[in-house]
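here is the input, now give the coordinates:
(3 chains)
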Amino acid sequence: MSLLGIMGAQFRRDLALVWKSGAAAPLGFFLGAAALTPLAVRPTTFDELDQLAQIGPQLLWIAAALAALLVLERLFQADLEDGSLDQMTLSAAPLEALVAAKAAALWVGVGLPIALAGAPAALALQAPPAAIPAIATGLAVGMAAFIGAGLVGAAAAASVKRGGVLIALLALPFFAPPFIFGAAAARAAVLGDPFGEAFALLCGIALAAAAIGPVAAAAALRLQAE
Amino acid sequence: MARVRLSVEGLILARGGRRLFDPLTFATTGGAYVEVRGPNGAGKTSLLRAIAGWMRPFDGTIRFEGVEEPALAIAYLGHRDGLKPLLSADAHARHWRALLGGDGDSAEALDRVGLSAVADLPVRAFSQGQQRRLALSRLLIAPRPVWLLDEPAAALDSAGKRLLAEIVSDHVKHGGLVIAAAHEPLGPAPDQILALA
Amino acid sequence: MITALANPHRFLAFARWAMPAATVAAVLLFAIGLPWGLFYAPAERLQGESVRIIYIHVPAAWWALGVYVFMAGACFVGFVWRHAIADVAAKAAAPIGAVYAGLCLATGSLWAEATWERWWVWDARLTSMLILFLTYLGYLALHAAIEDEERAARIAGVFCMAGLINVPIVHFSVDWWTTQHQGASVFRADGPSIDPSMLWPLLVMALAYAAAFAALLMANMQAEIHRRRVEAAAARRLRAA
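Reported below is the predicted structural model:
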């Protein structure tokens, strides 16, 4: 079977697992986390709603980054524990390609739904309707960047029991660049400023993460198999 | 196809700075059944994982001849079955065919291990023995010349053990190489016994 | 030299005289550099006496980064050639680098208080250093969380090397980020321009930090090698019994 065929099979298997094991949990978490700040500041007047609008898009990015951290924990841990990782190393496809397929499945299964849910969430956070497409698109690219940048941390801590906090600590330094560009693009979109530069830089970060992340993660996973 | 040949010379494996067994040298070829014996902690699993290419030898060499890429000649069945509780037996079979490049008939393989009636059920509904049978079917779905089996009889009932012995004998008869770590004899008469100490 | 030191015996023989020598050098350099910078060097025209903190702050920033590059190099050697001593070096360097980064953050905070009466400002350099500090903490936590030491060293090494790629990207992002808000910001991205009368004590302090790093690194490595030997000997006795 061709490389793309094998990657496709891995992609479909992981996507099926994401759906069956509850893709709703990270989605619900994302919405809940986005709602926390309005609950805390309790905007009751129009002035206060306008203040919320100032930071609304950035709040969405915080919630999206936290949701990405949560789903990264189980990405490789399950495969390492149940022996699937062993079988992956015996495939004709290089481990890097299989890791990329797994990451793509996570993005489609969790990242895209979160980006879509970002649209109503942004409205609730007082973003102008005209800015919604830009915000959702930015979140979609941003989730790809988060997943790609988090791969190495997820792979490095895959053998650590209850490694969720550790993976979060490992992934955070890699989250900083997409976070900066993504939140800046969302903010510019809300204010009606040009957001092209920030968005282009975000796309560049996502591409770099998608290219380097699987290579680094596969190197760490091979060491896990020893 | 040339018969696969495996030669191990002066192999030393270490874990946590501790040597697992005395330097090990042996050679074997396709058409042989090799049984690895030894007490717990003797390094049976480590030996199989080193042959699979996952664990690096502390010293010595492991060489395959007659295969282009050792990783693509090896089938591994370990303590962990490599199963996903949420996916059906059928889904596993299809995935293995793609991942490991099998041209085996998956329906026939599932039938042989006695799972064709439950092929549509998710694996979480399976007993331990049924899960092991499903893992066994991987050897038939994605045929590979070298089988590395780590305690393959664990969790199998007596019928399952007979089935395992049959599958192993068949593979050896057709020129395959089987190396199994086993507490008690699997059934087929070993061509070689490696006692680790 | 690197290959000669790859052998633990030879490293220990080398460190037996090099570690005290580096310690003496560090003490001397600090004895010269600290009074020079803190008392004798001229105060800066705009910022006055508070600028003297740069003699502690700036070398800490340089070497927090320098130690990380050293660590990533050691991890690379350990990853490719599997030299045990390279793994030991990386593990020994991490806490020192983390302390340097922490020192840089603490003095940066003091400096911000003295200059802008704010205990923290989100300027590009401090923010980059904060991320580097987190990367150090992640490396240390990962190393500690994996039980098998050899695997811990290799896997943490992969993380460390990936972190090295991340450092310039983070630096670029926060640079871009602070220049975006230039209009609203009172903070300049560049520090005070350096006068030669300030440069010399600064360089002495940079050397002092380097010597301190060398001395602490060798001390940590010695302790690590001895600890491993003790554990191996204990394991042997246990098996013999």
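
all contacts plus neighbour counts: C-alpha atoms, from now on.
Will do.

find me the pLDDT at residue 106, would you?
Here I'm looking at chain A. Model confidence at residue A:106, given as pLDDT, is 95.

ah, I was thinking of chain C
On the pLDDT scale, residue C:106 is placed at 94.

what helix or strand is it on?
Using DSSP states H and E, the element containing residue C:106 is helix C:84-116.

near chain A, anything from the helix or strand following that helix?
Of the helices and strands lying after helix C:84-116 in sequence (DSSP H and E), the nearest is helix C:124-145. Yes. If you take CA under 8 Å from any CA of the partner chain as the test, helix C:124-145 does meet chain A, through C:131-132, C:134-135, C:138-139, C:141-142, C:145.

tell me if residue A:5 really is in a strand.
No. Secondary structure assignment (DSSP: H, G, I helix; E, B strand; the rest coil) places residue A:5 in helix, not in a strand.

what number of residues lie near it?
Residues lying near residue A:5 (other CA atoms under 10 Å in any protein chain shown) number 13.

now do the contacts for it.
residue B:98 (CA atoms under 8 Å, 6 or more residues apart in numbering or on different chains).

find the nearest non-adjacent residue to the residue positioned nearest the centre of chain C, please.
Nearest to the geometric centre of chain C sits residue C:97, at 2.6 Å (CA atoms, centre = their mean). Once flanking residues are discounted, residue C:97 sits nearest to residue C:64: 5.0 Å by CA to CA, 6 or more residues apart in numbering or on different chains.

where do the strands sit along chain B?
B:5-12, B:14-15, B:18-19, B:24-29, B:33-37, B:59-65, B:74-77, B:146-150, B:177-181, B:192-195 (DSSP state E).

next one: the closest residue to residue C:91 other than its chain neighbours from chain A, what distance?
Sequence neighbours aside, residue C:153 is the residue nearest to residue C:91 in space, at 7.4 Å (criterion: CA to CA, 6+ apart). Counting by CA to the nearest CA, to the nearest Å, the gap from residue C:153 to chain A is 10 Å.

and what of residue B:100?
5 Å.

neighbours of that residue, just the number please.
Neighbour number of residue B:100 under other CA under 10 Å is 26.

per-residue confidence at it?
pLDDT, residue B:100: 92.

try residue C:161
Reading off the model, residue C:161 has pLDDT 96.

so is the lengthiest helix in chain A next to chain B?
Assignment by DSSP state H gives helix A:46-82 as the longest helix of chain A. Yes. For helix A:46-82, a contact with chain B is found by CA under 8 Å from any CA, at A:79, A:81-82.

quick check on these: which are buried?
Buried by 16 or more other CA atoms under 10 Å in any protein chain shown: A:79, A:82, out of those.

could you tell me the end-to-end distance of stretch A:98-116?
Using CA to CA, to the nearest Å, one end of stretch A:98-116 lies 26 Å from the other.

who touches that stretch?
So stretch A:98-116 is contacted by A:6-8, A:10-12, A:14-15, A:18-19, A:23, A:26-27, A:30, A:64, A:68, A:75, A:88, A:136-140, A:143-144, A:147-148, A:151, A:210, A:214, A:217-218 (CA under 8 Å, 6+ apart).
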